[in-house]
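>>> Give me coordinates for this.
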Amino acid sequence: MFIGIDLSNTSSDTSKAVVGIAYNVDSDTHEMTGFPFYIDSQQTVIQNLGRYLRRAIEDFKKRSKRKTLPSHLIIYRGGVSEGAYL
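The predicted structure follows:
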């Protein structure tokens, strides 16, 4: 299972940042899905990330042909360079 996570500060509400999680839903296909959630923009660590990863993994199990948990997890966390907001 591939999971991608990235964060972006919103321009309309400077107190919130949006986090997006995208993931494949079956090991035999390239079908992807995902969901957003909001965090405090001052956070450098995504709090409660385990809860959101569990949601993605359970969705994989529910939607996969074999109805099993993934045998491997590969998580990509997009980063922000030091000067991205200058």
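
>>> Where does the prediction get shaky in this protein?
In the predicted model, the chain carries pLDDT under 70 at residues 10-11, 13, 44, 79-86.

>>> now do 50
Across the chain, the stretches falling below the confidence threshold (pLDDT under 50) are 86.

>>> Centre-most residue in it?
When the chain is reduced to its mean C-alpha position, the closest residue under C-alpha atoms, centre = their mean turns out to be Ile21, at 2.1 Å.

>>> Alpha carbons only: can I get whichever strand or helix holds that one in PDB?
Element membership of Ile21 [criterion: DSSP states H and E] is strand 16-24. Taking C-alpha atoms only, strand 16-24 is exported to PDB below (Å, rounded to 0.1, in the frame of the first residue of the first chain):
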ATOM      1  CA  LYS A  16      -5.400  26.400   9.800                       C
ATOM      2  CA  ALA A  17      -3.400  24.200   7.500                       C
ATOM      3  CA  VAL A  18      -4.900  21.500   5.300                       C
ATOM      4  CA  VAL A  19      -3.400  18.000   5.200                       C
ATOM      5  CA  GLY A  20      -4.200  15.700   2.300                       C
ATOM      6  CA  ILE A  21      -3.800  11.900   2.400                       C
ATOM      7  CA  ALA A  22      -3.900   9.900  -0.800                       C
ATOM      8  CA  TYR A  23      -3.600   6.100  -1.100                       C
ATOM      9  CA  ASN A  24      -4.200   3.100  -3.300                       C
END
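
>>> So Ile3 sits against Ala56, correct?
Yes - checked against C-beta atoms under 8 Å, the pair Ile3 and Ala56 is within contact range at 5.9 Å. Backbone N, C-alpha and C define where each C-beta goes, glycine included.

>>> Okay then, goodbye and thanks.
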